[in-house]
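Chemist: got a sequence here, can you model it:
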Amino acid sequence: MWPRLFAQMVELLPHATRLLPLADNYLANRREAERSQASALASMSGSLREEIGHVADVFGSVSRQVAEQKKQIAALQDSLDAAETHRITQTKQLEWITNDLNSMRVWLKFGVAIIIVLLIALGALTVQIYRLR
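Modeler: Predicted structure coming up:
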C-alpha cells in the first residue's frame, strides 16, 4: 500500500510543482488585497470616529437646546395658566357687573315710573288745592 501511494505521489509531483507558483501568486494577491482592505478600513474607522465624535457634539448641543426649550415651555405654560386664571376671574367679575347693571336698570325703570306717578299725583293734588281756594 505504501509503495503504491509513493508511486502516485511521484506521478503527481510535476503537476504540484506547476501549481505551487500559481497558489503562491494567488495567496500573495489575496494578502495584498486583505492588507489594502485593512488599511482602507482603518482609514474609514478613523474618519468614522471623527464623524461619530461630531455627531455626539451636535447631539449634546441639541440636547442642551431641548432642555432649555423645555424650561421655556414650562415657564410659558405657567404664564398661560396664570393668564387663564386671570381671564376666568375677570369673566366672573364681568358677569357680576352685568347682573348688577341689569338690576340697576330694572330699579331705574321702576324708580322713574314711581317718580312719574308721584309727579302726576302731585300735579293732580296741586290742581285740586287750587280749585278749592
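Chemist: ok now the strand or helix carrying residue 12, how far from the chain's centre?
Modeler: In this assignment (DSSP states H and E), residue 12 forms part of helix 2-132. Computed by C-alpha atoms, centre = their mean, to the nearest Å, the chain-centroid distance of helix 2-132 equals 0 Å.
Chemist: now for residue 96, how many residues are close by?
Modeler: For residue 96, the neighbour count with other C-beta atoms under 10 Å is 10. To be clear about C-beta, it is placed using only N, CA and C from the backbone, and glycine gets the same treatment.
Chemist: now it: how far from residue 116?
Modeler: In this view, residue 96 and residue 116 are 30 Å apart by C-beta to C-beta, to the nearest Å.
Chemist: what's the answer for residue 5, then?
Modeler: Distance, residue 5 to residue 116, by C-beta to C-beta: 145 Å.
Chemist: check residue 46 too.
Modeler: Applying C-beta to C-beta, the value for residue 46 to residue 116 is 102 Å.
Chemist: one more: residue 73?
Modeler: Distance of residue 73 to residue 116, given as C-beta to C-beta: 63 Å.
Chemist: and stretch 106-117, C-alpha only, in PDB?
Modeler: What follows is stretch 106-117, C-alpha atoms only, in PDB (Å, rounded to 0.1, in the frame of the first residue of the first chain):
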ATOM      1  CA  VAL A 106     -84.800  97.500  36.500                       C
ATOM      2  CA  TRP A 107     -84.700  99.700  39.600                       C
ATOM      3  CA  LEU A 108     -84.100 102.800  37.500                       C
ATOM      4  CA  LYS A 109     -87.100 101.900  35.300                       C
ATOM      5  CA  PHE A 110     -89.200 101.200  38.400                       C
ATOM      6  CA  GLY A 111     -87.900 104.400  40.100                       C
ATOM      7  CA  VAL A 112     -88.700 106.600  37.000                       C
ATOM      8  CA  ALA A 113     -92.200 105.000  36.800                       C
ATOM      9  CA  ILE A 114     -92.800 105.800  40.500                       C
ATOM     10  CA  ILE A 115     -91.500 109.400  40.100                       C
ATOM     11  CA  ILE A 116     -93.800 109.900  37.100                       C
ATOM     12  CA  VAL A 117     -96.800 108.500  39.000                       C
END
